[in-house]
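**Student:** Here is the input, now give the coordinates:
(chains A and B, ligands or ions: 2)
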Amino acid sequence: MAEMVTLTIDGREINAPAGTTILEAATDANIYIPHLCSNEELAPYGACRLCMVEITQGERARLVASCIFEVADGLEVETNTERVLNVRKLVIELLLARNNKHPALRKIADELGVKETRFPVEQKGCILCGQCVRTCREVVGVSAIGFSGRGITRKVATPFMEFPPDCIACGSCVYVCPVQFIPMKEENGVRTIKGFDYPMQKCSKCGRYFAPKKQLEYFSKITNLPLEHFETCVGCR
Amino acid sequence: MKKIKSPEELEQFRSEIQAGRNPKTPCIAICAGTGCLALGSDKIIDAFKEEISKQGLDTDVATIRETGCPGFCEQGPIVVIYPEEICYLRVAEKDVPEIISKTVINKEVIERLAYKDPTSNKRIIKNFDIPFYKKQKRYIIGNNINIDPRSIEDYIATDGYSALSKVLFNMSQENVIEEVTKANLRGRGGGGFPTGLKWKATRKAKGKPKYLICNANEGDPGAFNDRAVLEGTPHSVLEGMVIGSYGIGCHEGYIYVQNEYPLAVENITIAIEKARELGLLGKDIMGSGFDFDVVIVRGGGAFVCGEETALISSIEGRSGEPRARYVFPAERGLYNKPTNINNVETWANIPLIINKGAEWYRSIGTENSKGTKIFALVGKINNTGLVEIPMGITLREIVYDIGGGIPKGRKFKAVQVGGPSGGCIPESHLDLPVDFDALSEVGLMIGGMIVMDDLTCMVDVALYFIKFLEEESCGKCTPCREGVHQMRLILERITEGNGKKEDLETIECMGKAIIDGSLCGLGGTAPNPVLTTLRYFRDEYEAHIKEKRCPAGVCKALTT
Ligand SMILES: Cc1cc2nc3c(=O)[nH]c(=O)nc-3n(C[C@H](O)[C@H](O)[C@H](O)COP(=O)(O)O)c2cc1C
Ligand code: FES
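**Tutor:** Ligands and ions are numbered 1, 2, ... in the order given. As a prediction, this is how the structure comes out:
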C-alpha cells in the first residue's frame, strides 16, 4: 500500500495515495476538473492547461496543472477560483478558435459559461493535445507520428509529411483523439487512416479481413513468432 | 605543457609568467570581440602586425594583444595602448602606422583618435576616464581588455585559478557553498534564484551522477552580455564551474552555447583545452584528487532553449521543448539526475566571491541584490555597448550618465529591460534601482536594455516583441501558442486602424490568463511587453483605437 496523504480540495478533506496527481485524487473523490490532454495511460504532459487549479502551500498561492502536480500532506487546492476560471475560459476560447464545432469542446465551454469565442475562428480541427503522438510513442511504441513546426504552426505530422514508414495502422491515434480529428475507414480489405492506405490481412480460416498486415508484421517481430501464426484471426486461432 | 600538481606549482608558474613580462613594455590591446570584429578590427590587428614587422620592432618595444570586448562597442574598433592606457576609438587601418610611430614609440597622444566628450568637447585620453566607464564597476568584464582570452597565461598572470586553488586545498565542500550563500549571489539568468541554495539542494539530492550546466543560450535579441563574458574571459566561467562542481560534488559539466556564437565557442574550447593541459580541469585537478570535466553542447539558438527544462531536453538529444514539472532540476534534471544549472555570468561571479570573500561581495549592491550586473545597452542611446554596473544604481544613471543620453537631442520615452518578454519602463519610473526585487514587477533582470526615444510608437514596440515571442513559442501549451498568436492579431489590427474599443480589456484579461496558465516561463512572461506598455502608455493605444491616429507617426496605416 502506498503511503496516504491528506489534502483538501475545495474545502473537502481528502485522502489519496502519495504519488497521485491532484486530478486523479479529485476524480476519485468525484470532484470534476475539466481536462483534455491528460490520459492515465500516458506520462504526465500538461499542455492543454484546462486542468489548472490554485494551490496554497504555506504562504504562497499559485496555479498549477492538476494533471501533473502530485498530492501532498496539508496541500490546499481550490478548483474554481476566479484566477482558475479566467485561465480555463481563455483556454477554451482559444481552442474554440481552432475548432468551434466539436461537442466535447462545446460542452466544456458551456460549463464555463462561454457561449462563443472572442477570437476569429480558423477551423483546424486538431487541438494539439498530443494524445495521438504520445500514444503512438508510449503505448504502441513506434513513434510513427510526431509534431512539426513551432508555435502556432505546430501540427501533428508524419515524417516529411509523407507516408509514415513506421506506422502499423493500429488506429490507436484515431481512438484516443478527443475531437475525432483523425479519420479512419475500412473498405475492400484496405484500412485508410488520414488518407494513407494500409492493406488488411484476410484470415486464413474464416476469410474475414481482420487486421492491417503491417500490424501483424509488427506483432511477429516483437514476439519473435512466425508471421503465419498471426495470419489467422483471434476467433479462429 | 607540464601539469600543475599543487598550489605551490601554480604560484610558481604564475611568478614565472609575471617575471617574463615587463609591465613597462608597450602593449597594443585591440578588441577582437564580435562587436569590434564586425567593425573591422581583424584588419586593424593585421595592420598592426604588419607594421610592427615592417618597422622591425622587437617584442620589448611593442607587443600586440587581441582581447575580448571592453564594452564601448559604439566607438569600435577599440585600441588601448599600455602601460599608459591611452584609449583610441574608431581606429581605421590608415591610423595604424601613426599610432606605432607616435604613440607606441614616442609616447605622443593622437588627439583626433581619443574620445571627445560631447558636453565639454574635451578629448579624454585615458581609457577609464571616459564617462561611459566611470559609473561602472567592472569586476567581471574589467579584465576583458587586459587579457587575451585564448591565453591561459594571461589569465593566470592576473590571479586566475587562485580561487580554485584556495577552494581545493583550503576549503571544505560545505564551506564553498556557505561562502556563495553568504555572498547572496542570485542567478543572472533571469530568475534571480539564490545560487547557494540551488547548489545546496543539488548537493543534498539523492542520485548519481550529478551534473552541472552552464547556460549560454542567450537567445534574446539584442543581448550580447553572456557572449562577451564567454568570449572575453572564458577561464572565469570555467574556474567558476570547477569550483561549483567541487562544492556540489559532481564530476561532469556541460556548457550549452548557441551556434550563432562561433567566437565564444572557439574561445571557450581553447580555454578548456589549455586548462586540461595544465591539469586545472580533468582528472586529479592540481593534484587534489578531485576530477571534473566539461563538454560543450551547441544549440540552435532558439529563445526557448534557454529555459532550463527545454535546455536539458536539448542536451539529451530531444527536441528543445520545455517539460511541465514541479520538481527542480536540482532533484531530477539531466537524464533525471540531480542537475545544477546556472547562467554564464553567475558562474563568472564565483571566482570573485571566493577570492575576495563573501563579506566584500556583500558590500556591493542593495539589501537583496549583491554584486554587479552586466547589460547590453542598445537602442536610441549615445553610448551603446556593454556595461557592468553595481546593483542599486538607477536606470536614470545608466541611461544618462553611462549611456550618455538620447542621440540627436531627442527625448527619452522608455527603456525595455528583461529581454523580449520584459517590460517597458517610462520616464516616471527611471529612478528605479537595478535590483531583482524592484525590477521584478516590470520584467526580468537579464540581457539587453533597449532605450527608445519619442519617435517610437509603443503599440508598435509591443507588436514587435509579441511577434518575436509568437515565433519562438514552442507550441506545446495552449495559452502560449494560441494566446500569444491571438494577441498578435489584435495588436496588428490596432496598428492598422481596425482596433475595437473592447480590445484593451481583452488584452489585459487574456494577458493575465496567459501568465497564469502557461507551461513555462516563455508564456509566463510573454504578455509583459504588452501589459507594461498598456499600463504606462494607455493613451497611445487609445489614440490608435479611438482616433485612428498614431501619435509617434510610426504606424503606416494611420499616418496618411
Ligand atoms: C523562455 C526562457 C528563456 C531563457 N533563456 C535563458 C538564457 O538564454 N540564458 C540563461 O542563463 N537563462 C535563461 N533562462 C532562465 C533559465 O531557465 C534558468 O533559470 C537559468 O539558466 C538559471 O541560472 P541562474 O540561476 O544562474 O540564473 C530562460 C528562461 C526562460 C523561461
Ligand atoms: S489535462 Fe492538465 S494540462 Fe491538459
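
**Student:** my read: residue B:290 touches residue B:249, true?
**Tutor:** No: taking CB atoms under 8 Å as the definition, residue B:290 is not a contact partner of residue B:249, at 9.6 Å. To be clear about C-beta, it is placed using only N, CA and C from the backbone, and glycine gets the same treatment.

**Student:** helices and strands around the helix or strand containing residue B:46, which ones?
**Tutor:** In this structure, residue B:46 is located in helix B:41-54 according to DSSP states H and E. If you count contacts as 3 or more CB pairs under 8 Å, 6 or more residues apart in numbering or on different chains; DSSP states H and E, helix B:41-54 packs onto strand B:27-31, strand B:63-67, helix B:96-98.

**Student:** mind checking which of the ones you listed is nearest residue B:135?
**Tutor:** Shortest separation from residue B:135 across the helices and strands packed on helix B:41-54 is recorded for strand B:27-31, at 20.9 Å, computed as CB to CB.

**Student:** got the contact list for stretch B:360-373?
**Tutor:** Contact partners of stretch B:360-373, identified using CB atoms under 8 Å, 6 or more residues apart in numbering or on different chains, comprise B:137-140, B:182-186, B:188, B:192, B:345, B:349, B:352-353, B:388-392, B:433-437, B:445.

**Student:** List the buried residues of it.
**Tutor:** Of the residues in stretch B:360-373, B:361, B:362, B:364, B:365, B:366, B:369, B:370, B:371, B:372, B:373 count as buried by neighbour count, 16 or more other CB atoms under 10 Å in any protein chain shown.

**Student:** Equivalent analysis for stretch A:19-28, please.
**Tutor:** Along stretch A:19-28, the positions that meet the burial threshold by neighbour count (16+ other CB under 10 Å) are A:20, A:21, A:22, A:23, A:24, A:25, A:26, A:27.

**Student:** pLDDT and secondary structure added to these, as a markdown table?
**Tutor:** Written out in a markdown table, the entries for those read as follows (pLDDT from 0 to 100; DSSP: H, G, I helix; E, B strand; the rest coil):
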| residue | pLDDT | secondary structure |
| --- | --- | --- |
| A:20 | 95 | coil |
| A:21 | 96 | strand |
| A:22 | 97 | helix |
| A:23 | 97 | helix |
| A:24 | 96 | helix |
| A:25 | 97 | helix |
| A:26 | 97 | helix |
| A:27 | 96 | helix |
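
**Student:** Near chain B, list only the ones from these.
**Tutor:** Checking those against chain B by CB under 8 Å from any CB of the partner chain, not one of them is in range.

**Student:** Name the nearest of those residues relative to ligand 2.
**Tutor:** Taking CB to the nearest ligand atom as the measure, ligand 2 lies nearest residue A:23 of the buried residues of stretch A:19-28, at 6.6 Å.

**Student:** my guess is the closest one contacts residue A:66, does it?
**Tutor:** Yes: with contact defined as CB under 8 Å, residue A:23 counts as touching residue A:66 (4.2 Å).

**Student:** ok, for the residue in the stretch 301-450 of chain B that ligand 1 sits nearest to, nearest residue in space, not its chain neighbours?
**Tutor:** With CB to the nearest ligand atom as the measure, residue B:306 is the residue of the stretch 301-450 of chain B nearest to ligand 1, at 2.2 Å. Leaving aside its sequence neighbours, residue B:306 sits nearest to residue B:217 (CB to CB, 6 or more residues apart in numbering or on different chains; 3.5 Å).

**Student:** Just give me the neighbour total for the one you found.
**Tutor:** Residue neighbour count, defined by other CB atoms under 10 Å in any protein chain shown, stands at 28 for residue B:217.

**Student:** rewinding a little: I'd like the buried residues of stretch A:19-28 as a markdown table, with distance to ligand 2 appended.
**Tutor:** Putting these into a markdown table (distance: CB to the nearest ligand atom, whole Å) gives the following:
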| residue | distance to ligand 2 |
| --- | --- |
| A:20 | 14 |
| A:21 | 9 |
| A:22 | 10 |
| A:23 | 7 |
| A:24 | 11 |
| A:25 | 14 |
| A:26 | 12 |
| A:27 | 11 |
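
**Student:** Any chance of these in a markdown table with distance to residue B:103 as columns?
**Tutor:** Conversion of those to a markdown table gives the following (distance: CB to CB, whole Å):
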| residue | distance to residue B:103 |
| --- | --- |
| A:20 | 74 |
| A:21 | 70 |
| A:22 | 70 |
| A:23 | 72 |
| A:24 | 75 |
| A:25 | 76 |
| A:26 | 76 |
| A:27 | 78 |
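
**Student:** surely residue B:301 meets residue B:257?
**Tutor:** No: here residue B:301 lies out of contact with residue B:257, judged by CB under 8 Å, at a distance of 9.1 Å.
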